[in-house]
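Student: structure of the sequence below:
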Amino acid sequence: MSPLDATLSSGGAVCGLAEDMPFPSYLGEKATETLRVAEQQVWRALRHIERSTAEPCPGVAVATADALRWLAAVPEDSISGCVTDPPYGLIEYEEKNHAKMKQGRGGVWRIPPSFDGSERSPVPRFTVLTEQDRKRLSQFFSKFAKLALRAMVPGGHLLIASNPLLSTTTFACFEKVGFEKRGEVIRLVQTLRGGDRPKGAEGEFSDVTVMPRACWEPWGLFRKPISEKTVSANLRRWGTGGLRRVSGQEPFRDVIESAPTRAAEREISPHPSLKPQRFMRQVVRAVLPLGIGVVYDPFTGGGSTLAAAARLSYKAIGTEMDEDYAIVACRAIPLLRMLHGDGSI
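Tutor: Residues are numbered from 1 along each chain as shown. Coordinates of the predicted model:
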């Protein structure tokens, strides 16, 4: 029995009922049924691409696999939406740097000092990337973007997180392969990254900040070109092409205020880059305009995207090449799914 299977057999597959969130009836009954049948067919196909795939919640799966290899096996025009928080610079999750972070030794990761008795999470330092590192970054995301473009249905949206220092490099890869850039979603979040005085000369240069204090996070929004003449026709055929509104009166907006991830969520899923459910539920909800289709997260990490999808009763699948994190995600998804917006269960 693999560690992933052991996680599920020990209770990881048990989860409570998601809150009732009925989908609006945009389409006629026949068109809706056609899209639902396609959703089920795609879900079954994706669920069986990788043998090491677990289902911690009904309709939500985690495959222990490399995203590029897995995407290469995905049927063309199958994934309806993609939401992911990838390794921004790649090097922070390479074995030597990741091992240092786990041991509290730093390396590319900055280990912040304790503050008021609270331990703060380590954060990667992207200013240390070399020109060669950036070249590798561009090559990796170009490969990923090309595979994602083939796998996604026409009109499907891809939302990918980045960092202000690296987003220009990363986002350009998606436009070059044929994705349409549809804007950026700005996550407003107050962090403790940046804003420091020159190291070792804080008193001498007390009025100097080396870098601005980080207060926002860019998420690139891209769309595979529609195949039909209009967005409405594409919605009828594929269920994609637009973004789901917040309500009949309020559209989805490109600036979202967000608190840092709560301690209760980090206790459930101790991943260094875990994003808060309150934010993730908003963006995951948006990428399926009719609430029909399969959402994919290529870099599952601690499971925040898939937990949000589970809460919304969306079909979703993620890939995670680190088996330890795949186990963490499978344990965490059912618990994160049950959290209320204020972080309580």
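
Student: in space, what's closest to Thr305 - neighbours in sequence excluded?
Tutor: Nearest residue to Thr305, sequence neighbours excluded (CB to CB, 6 or more residues apart in numbering): Asp297, at 3.9 Å. In short, each C-beta sits where N, CA and C put it, glycine included.

Student: could you look up the SS state of the spatially closest residue to Ala31 that is not a sequence neighbour?
Tutor: Of all residues not flanking Ala31 in the chain, Arg236 sits nearest, at 5.6 Å (CB to CB, 6+ apart). State at Arg236, reduced to three classes by DSSP: H, G, I helix; E, B strand; the rest coil: helix.

Student: next, find the distance separating Arg236 from Ala308.
Tutor: Arg236 is 26 Å from Ala308, where distance means CB to CB, to the nearest Å.

Student: same question, His340
Tutor: Separation of His340 from Ala308 (CB to CB) stands at 13 Å.

Student: more neighbours: these two, which one.
Tutor: Ala308 (29 against 11; other CB atoms under 10 Å).

Student: domains of this structure?
Tutor: 3-89+129-338, 90-128 (automatic domain parsing).

Student: looking at these, which is buried most?
Tutor: domain 3-89+129-338 (a mean of 19; mean count of other CB atoms under 10 Å).

Student: picking up where we left off before, and the residue nearest to Thr305, its phi and psi?
Tutor: Per-residue torsions, Asp297: phi -120, psi 110 (degrees, to the nearest 10).

Student: hmm, it is touching Thr84, no?
Tutor: Yes: if you go by CB atoms under 8 Å, Asp297 and Thr84 touch, sitting 4.9 Å apart.

Student: quickly list what's touching both of those two.
Tutor: Residues touching both Asp297 and Thr84 (CB atoms under 8 Å, 6 or more residues apart in numbering) are Thr305.

Student: low-confidence ranges in the stretch 51-200 of the chain?
Tutor: 88-128, 192 (pLDDT under 70).

Student: let me see the ranges of the helices in it.
Tutor: 67-72, 95-102, 131-151, 167-177 (DSSP state H, counting those that start in this stretch).

Student: alpha carbons of the shortest one, as CSV, please.
Tutor: Once side chains and other backbone atoms are set aside, the C-alpha atoms of helix 67-72 remain, and they are given as CSV (Å, rounded to 0.1, in the frame of the first residue of the first chain):
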residue,chain,number,x,y,z
ALA,A,67,2.5,18.2,-14.3
LEU,A,68,4.2,18.3,-17.7
ARG,A,69,4.1,14.5,-18.1
TRP,A,70,0.5,14.3,-16.9
LEU,A,71,-0.6,17.1,-19.2
ALA,A,72,1.0,15.4,-22.2
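
Student: what sits up against it?
Tutor: Taking CB under 8 Å, 6+ apart as the rule, helix 67-72 contacts 49-50, 63, 143-144, 147-148, 150-151, 298-299, 319, 321.

Student: gap between that helix and the chain center?
Tutor: 16 Å (CA atoms, centre = their mean, to the nearest Å).

Student: out of the helices of the stretch 51-200 of the chain, flag the one nearest Gly303.
Tutor: Taking CB to CB, helix 67-72 is the member of the helices of the stretch 51-200 of the chain nearest to Gly303, at 15.0 Å.

Student: what bridges to Phe222?
Tutor: Counting by DSSP bridges, Phe222 is bridged to Leu158, Lys181.

Student: start the count at 28, not 1, going forward
Tutor: From this message on, residue numbering opens at 28, which makes the last subject Phe249.

Student: can I assume it is in contact with Lys208?
Tutor: Yes: look at Phe249 against Lys208 with CB under 8 Å: they come within range, at 5.7 Å.

Student: alright, that wraps it up for me.
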